[in-house]
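Engineer: Model the structure of this input:
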Amino acid sequence: MISFKNIPWKKRIIQTLWLVFGIGAVVLFGAAITKKSQKLCTAIQIEIVGAEQHMFLDEQDILALINTNGKVIGNPTTKTNLRNLENLLEANSWVDHAELYFDNNQALQVHIQERQPVARVFHIGGGSFYVDSMGLRLPLSEKISAKVPVFTNFPSDKPVLAHPDSLVLQGVVDLSKQILADSFWMAQIQQVNIDPQSQFELIPMIGNHIILLGGADHLEGKFKRLNAFYEQALVQQGLNTYEKLDIRFSNQVVAVKRGTEKAFIDSALAKQRLLDLSVKTLPIPVEEEPLGTKPAAIPVKTATLPSKLVTPPATKPVAKPAVATAKPKAVLPSNKNKTKKPSKPVKNNKSNNNPLTTK
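Structural biologist: Numbering: from 1, shown residues only. Sure, this is the predicted structure:
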């Protein structure tokens, strides 16, 4: 016979309560999942950060990307793959980072980190592109044009750059950051040219001169020297006095006045031309020949001729003395005329027989 006194009623009650609580939790969790699966997306709220001056992406662009595979608003939140949407947004060149989630009101929150261009680069092929602070190339936009430093004659237009071209592009980024950091240089530097040696040349807005910068190293010191020179040149002589400023070397600014470099080049060319002419006009030693004969170069030409053609030049020296002896004969008539004049004793005879003298 079973004794009820030996049954642990308290333990049985506790186990029963835990069982009921577990069943209730499972039911509530299932109900919550069912309720959540029936919730629909109510709205999309977009926030774009990083666009301090230029906004190449707006809300309409983000909405178009989100709704690529169908509208999100009105669809169940559980059927929206947020990770796929993030990857889709980050595939855009202007999107640096994207983060999406649903809030308690079933609104889709979209946070976009936009890339910011620091320079516009024109390559040798004629096209152009933007570059951001990380050196990533960005396409142009039909909506807006960024006010950033302009670089010309970039050495490559290939989608994948070689190592030397990558170094040049990194120099573009560093130099552009230096210009953007100062409002004066941002207003003064009109464009930056890249020469065939991958050196940078600054073209200023004010002043008809060129600034030789060299490489994109020690930029802070170079711009300090250039700023100090500007302060002195503007006060003393003016910026139009110089045609070239060289700040490539440390602790100095080499200023070339207008016209002096061309004069130096012209004088150097003149010296070189004189040297070339002196070499070309050196006297060639030639054996002395009797008068009436031709230079020594002629026998070289006639040596190649047939023997019949060699004889005529031998008759030419004989004909010349005949002409020379004929010239005095042509002068004789003038001498006869001159001798007749003193033979007239007219004045003496008339003076003697003049009737006036007899009186």
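Engineer: name the element the nearest residue to residue 68 once chain neighbours are set aside belongs to?
Structural biologist: Leaving out its chain neighbours, the residue that sits closest to residue 68 by CB to CB, 6 or more residues apart in numbering is residue 88, at 6.5 Å. Glycine gets a C-beta too; all of them are placed from N, C-alpha and C. Under the criterion of DSSP states H and E, residue 88 resides in helix 82-90.
Engineer: Over to residue 243?
Structural biologist: Using DSSP H and E, residue 243 maps to strand 242-246.
Engineer: helices or strands up against that strand?
Structural biologist: For strand 242-246, the contact count by 3 or more CB pairs under 8 Å, 6 or more residues apart in numbering; DSSP states H and E identifies strand 210-214, helix 219-236, strand 254-257 as packing neighbours.
Engineer: Counting neighbours, which bits of the shortest one end up buried?
Structural biologist: Within strand 254-257, the residues scored as buried using 16 or more other CB atoms under 10 Å are 255, 256.
Engineer: That strand - what's its average pLDDT?
Structural biologist: For strand 254-257, the mean per-residue pLDDT is 89.
Engineer: Pairing partners for it, with directions?
Structural biologist: Applying DSSP bridges to the sheet, strand 254-257 is found paired with strand 242-246 (antiparallel).
Engineer: Show me what the strand it pairs with is in contact with.
Structural biologist: Identification of contacts with strand 242-246 by CB atoms under 8 Å, 6 or more residues apart in numbering yields 207-212, 226, 229, 233, 253-259, 261.
Engineer: and it with strand 210-214, angle?
Structural biologist: Computed by axes from the mean of the first three to the mean of the last three CA atoms, to 10 degrees, the angle separating strand 242-246 from strand 210-214 equals 10 degrees.
Engineer: CA-only coordinates of strand 242-246, as CSV, when you get a sec.
Structural biologist: Extracted in CSV, the C-alpha atoms of strand 242-246 (Å, rounded to 0.1, in the frame of the first residue of the first chain):
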residue,chain,number,x,y,z
TYR,A,242,59.8,86.2,-62.6
GLU,A,243,59.0,83.5,-65.1
LYS,A,244,60.1,80.5,-63.1
LEU,A,245,60.4,79.7,-59.4
ASP,A,246,62.3,76.6,-58.3
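Engineer: Quick one: mean pLDDT over it.
Structural biologist: Regarding strand 242-246, the rounded mean pLDDT is 92.
Engineer: That one vs helix 219-236, what angle?
Structural biologist: Using the same axes, to 10 degrees: strand 242-246 against helix 219-236 is 150 degrees.
Engineer: Contacts only, for residue 10.
Structural biologist: Residues counted as contacts of residue 10 (CB under 8 Å, 6+ apart): none.
Engineer: Next secondary structure element downstream of the helix or strand that contains it?
Structural biologist: Assigning secondary structure by DSSP H and E places residue 10 in helix 9-37. Downstream of helix 9-37, the next assigned helix or strand under DSSP H and E is strand 43-49.
Engineer: what sits up against that next one?
Structural biologist: Residues contacting strand 43-49 (CB under 8 Å, 6+ apart): 55, 57-59, 62-63, 66, 72-73, 105, 107-114.
Engineer: what about 7 Å?
Structural biologist: With contact meaning CB atoms under 7 Å, 6 or more residues apart in numbering, strand 43-49 is reached by 55, 57, 59, 62-63, 66, 72-73, 107-114.
Engineer: hmm, which of those are the buried ones?
Structural biologist: For the contacts of strand 43-49, a burial check counting by 16+ other CB under 10 Å picks out 55, 57, 62, 63, 66, 72, 107, 108, 110, 112, 113, 114.
Engineer: Take those and lay them out in CSV including pLDDT and distance to residue 12.
Structural biologist: As requested, these are exported to CSV (pLDDT from 0 to 100; distance: CB to CB, whole Å):
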residue, pLDDT, distance to residue 12
55, 77, 69
57, 87, 66
62, 92, 61
63, 92, 61
66, 92, 57
72, 90, 53
107, 92, 49
108, 94, 50
110, 95, 55
112, 94, 59
113, 93, 60
114, 92, 65
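Engineer: Among those, which ones are in helices?
Structural biologist: Cross-referencing those against helices under DSSP state H gives 62, 63, 66.
Engineer: can I get those residues in a markdown table with distance to residue 40?
Structural biologist: Formatted as a markdown table, these follow (distance: CB to CB, whole Å):
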| residue | distance to residue 40 |
| --- | --- |
| 62 | 20 |
| 63 | 17 |
| 66 | 16 |
